[in-house]
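**Q** Turn this into a structure:
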Amino acid sequence: MKMAHTCVRVKDLEASVKFYEEAFGFEESSRRDFPEAEFTLIYLTLPGDTYELELTYNYKHSAYDLGNGYGHIAISTPDLEALHAKHQAAGYEITDLKGLPGVAPSYYFIIDPDGYKVEVIREH
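**A** Residues are numbered from 1 along each chain as shown. Reported below is the predicted structural model:
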């Protein structure tokens with residue numbers, strides 16, 4: 001077995017696709033539109049990776065309650081500081097670099113257009 005995809009529901013499909021493409025370099029791998037059922041699925045992958053991020057857009061749903069849980073996706077990068085600076089310069093909502101107790105900074109969070117927190121971690 002292997003992980004196939006992670007799904008997030010989005011209120012503005014094009015804004016979400018643009019965010020993931022521009023912030024991380026995701027590429028659209030497939031799109032499935034179901035007008036009779038009033039939803040669209042877009043699958044995004046990072047170059048060289050097969051794991052997919054599924055964006056689900058329901059036509060008549062304007063926003064989702066994210067609740068008070070703390071689920072998130074994480075994306076690793078070999079140059080955490082450079083990507084943090086890029087995201088900061090682009091005006092994305094991000095946290096400062098953080099580290100676990102007693103550990104040097106190794107991650108930060110960026111907020112996508114729907115309010116989902118994406119953790120960006122230093123690649124090991």
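**Q** okay, now the domains of the protein?
**A** By the assignment in automatic domain parsing, the chain contains the domains 1-61, 72-124.
**Q** As JSON lines, the ones you listed with mean pLDDT would be great.
**A** Shown next, in JSON lines, are the domains of the chain (pLDDT from 0 to 100):
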{"stretch": "domain 1-61", "mean pLDDT": "95"}
{"stretch": "domain 72-124", "mean pLDDT": "95"}
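**Q** Pull the contacting residues for residue 69.
**A** If a contact means CB atoms under 8 Å, 6 or more residues apart in numbering, then residue 69 has no contacts. Quick note: C-beta positions are derived from backbone N, CA and C, even for glycine.
**Q** How much space separates it from residue 118?
**A** Residue 69 sits at a distance of 15 Å from residue 118 (criterion: CB to CB, to the nearest Å).
**Q** can you list the domains of the chain in CSV and add mean neighbour count?
**A** What follows is the domains of the chain, written out as CSV (neighbours: other CB atoms under 10 Å):
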stretch, mean neighbour count
domain 1-61, 14
domain 72-124, 14
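**Q** Could you pull up the residues touching the residue nearest to residue 100 when sequence neighbours are not counted?
**A** Sequence neighbours aside, residue 106 is the residue nearest to residue 100 in space, at 7.2 Å (criterion: CB to CB, 6 or more residues apart in numbering). Listed by CB under 8 Å, 6+ apart, the contact partners of residue 106 are 80, 97-100, 121-122.
**Q** Just the ones in strands from these, please.
**A** Using DSSP state E, the members of the contacts of residue 106 that fall within strands are 121-122.
**Q** so which of the contacts of residue 106 would you say is closest to residue 16?
**A** Within the contacts of residue 106, proximity to residue 16 (CB to CB) peaks at residue 121, which comes in at 21.2 Å.
**Q** That closest one - nearest residue in space that isn't next to it in sequence?
**A** With CB to CB, 6+ apart as the criterion, residue 121 has its nearest non-adjacent residue at 4.5 Å, and that residue is residue 107.
**Q** Contacts for the lengthiest helix in the chain, please.
**A** As assigned by DSSP state H, the longest helix anywhere in the chain is helix 13-24. Defining contact as CB under 8 Å, 6+ apart, one finds that helix 13-24 is touched by 8, 10, 26-28, 40, 42, 44, 46, 53, 55, 57, 75, 87, 90, 92, 110, 112-114, 118.
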